[in-house]
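[1] A structural model of the following input is requested.
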Amino acid sequence: MMKEFRDFIFRGNALDLAIGVIIALAFGAVVTALTEGVLMALVAAIFGKPDFNSLAFTINGATIQYGRVLTAIVNLFMVGIVLYALVKAVNRVRGQTVLVPETDHDLLAQIRDELRNHPLQRDMGPQVKPAGTH
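    Purely as a prediction, here's the structure:
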């Protein structure tokens, strides 16, 4: 049983998954720090409060804390913008180094386009000048 467990753990997928989870947890800490330390400070600079948690109203003795929902929505929106910018930057860098596999159709289209841009110059042998010209 231990051998099977060891084989399972050292198979590529399980180890890759474990590393991915650890990196995701570390990235989560970075996102939390960014949200609480930077982005919500910007909210405080704009709206005068670091969050909207204190916004609430009462109906028949029950407190409805809609401010907590607003804070969560603002956090989601701001983190989404930052992650979008990060993914765009990574894709831009990867786009310069990653080769996209081509189909036969794509390759033939590229050859056709190159031939259109550079017409063939046929070798007609030695050029013979017509009689009477120097």
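
[2] helix, strand or coil for the residue nearest to the spatial centre of the chain?
    In the chain, the residue lying closest to the centroid (Cα atoms, centre = their mean) is Val87, at 2.6 Å. With DSSP: H, G, I helix; E, B strand; the rest coil as the basis, Val87 sits in helix.

[3] Asp16 and Ile22, how far apart?
    Computed as Cβ to Cβ, to the nearest Å, the Asp16 to Ile22 distance reads 11 Å. Any C-beta I mention is one placed from the backbone N, CA and C, and that applies to glycine too.

[4] oh, that last question was meant for Asp113, not what I typed.
    47 Å.

[5] now swap in Ala29 and tell me
    Taken as Cβ to Cβ, the span from Ala29 to Ile22 is 11 Å.

[6] just the CA trace of the lowest-mean-pLDDT helix or strand in the chain, in CSV.
    Least confident helix or strand of the chain, by mean pLDDT, DSSP states H and E, is helix 2-10 with a mean of 75. Only the C-alpha atoms of helix 2-10 are listed here, as CSV (Å, rounded to 0.1, in the frame of the first residue of the first chain):
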residue,chain,number,x,y,z
MET,A,2,2.9,2.4,0.8
LYS,A,3,4.5,1.7,-2.6
GLU,A,4,1.2,2.5,-4.4
PHE,A,5,0.9,5.7,-2.4
ARG,A,6,4.5,6.7,-3.2
ASP,A,7,4.0,5.9,-6.9
PHE,A,8,0.8,8.1,-6.9
ILE,A,9,2.6,11.0,-5.1
PHE,A,10,5.6,10.9,-7.4
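
[7] thanks again, I'm all set now.
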